[in-house]
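Participant: Make a model of this:
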Amino acid sequence: MSRHVFLTGPPGIGKTTLIQKVTQALKSSNVPVDGFYTEEVKEGGRRRGFDVVTLSGKRGPLSRVSSDSSTSRRECRVGQYVVDVASFEQLVLPVLRNVNQGSDAEKKICVIDEIGKMELFSQAFIQAVRQMLAGSGTVVLGTIPIPKGKPLDLVEEIRSRRDVEVFTVSKENRNNILQDILAAVESCRQ
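Facilitator: Numbering: from 1, shown residues only. Down below sits the predicted model:
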């Protein structure tokens, strides 16, 4: 029996858009939902980085294009992006902790978009996600990248969990997979 639902697929395929549609549908059915998603930041038509946006509307930088090529040792980098781990943790960790609070009989949904290379620079985030997946009061609706290059431990751990249902989003299915994802989330809440 699945307890969590994850979407995977190549970058730009529409995982975040689907997560946002599912979130809207759940909210309009008065299902308690919290969490965050990642949004591209563009300037003059070019991607400058990514922001983390919580479902309550708070926003902060996750990463930005590095302006200089010399890197300090302590910098967390993914390609041309420098990851702002402190900003990410400040926004996301309180949200993840709050979802776990409360003794509602009703299971809450926690949106985690995404569990990727940038987010995994935070050990506290990794720990919070593992706790949430292990607990019984929260259904995680998340996104993970498709396997590429060196495997990411937490991502592969999630992909191989028996209690996780993974949907692979493609150009062919992204416009008609919404109801399947919603149904899967609903069945996790039972």
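Participant: What pLDDT does the model give the closest residue to residue 115 other than its chain neighbours?
Facilitator: Closest residue to residue 115 apart from its sequence neighbours, by CB to CB, 6 or more residues apart in numbering: residue 144 at 5.3 Å. C-betas here are computed from N, CA, C, even on glycine. We have a pLDDT of 97 for residue 144.
Participant: what ranges do the helices span in the protein?
Facilitator: For the chain, helices defined by DSSP state H occupy the ranges 15-28, 85-100, 123-134, 153-159, 178-189.
Participant: Nearest residue to the most centrally placed residue in the chain in space, please, no chain neighbours.
Facilitator: Per CA atoms, centre = their mean, the C-alpha nearest to the average position across the chain is that of residue 113, at 1.7 Å. Excluding its sequence neighbours, the residue lying closest to residue 113 (CB to CB, 6+ apart) is residue 37, at 4.0 Å.
Participant: Name all residues that make contact with that neighbour.
Facilitator: Applying CB atoms under 8 Å, 6 or more residues apart in numbering, we find residue 37 in contact with 16, 19-20, 52-53, 55, 111, 113-114.
Participant: Which ChimeraX command selects the buried ones in the residues you listed?
Facilitator: Buried members of these, defined by 16 or more other CB atoms under 10 Å, are picked up in ChimeraX with:
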select :16,19,20,52,53,55,111,113,114
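Participant: what would the contacts of residue 37 look like in TSV with distance to residue 155 and pLDDT?
Facilitator: Listed next are these as TSV, based on distance: CB to CB, whole Å; pLDDT from 0 to 100:
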residue	distance to residue 155	pLDDT
16	16	95
19	16	96
20	21	95
52	18	97
53	21	97
55	22	95
111	17	97
113	13	97
114	9	96
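Participant: Of the contacts of residue 37, just say which sits nearest to residue 46.
Facilitator: Nearest to residue 46 among the contacts of residue 37 is residue 16, at 19.0 Å by CB to CB.
Participant: residue contacts, the closest one?
Facilitator: 37-39, 113-114, 143.
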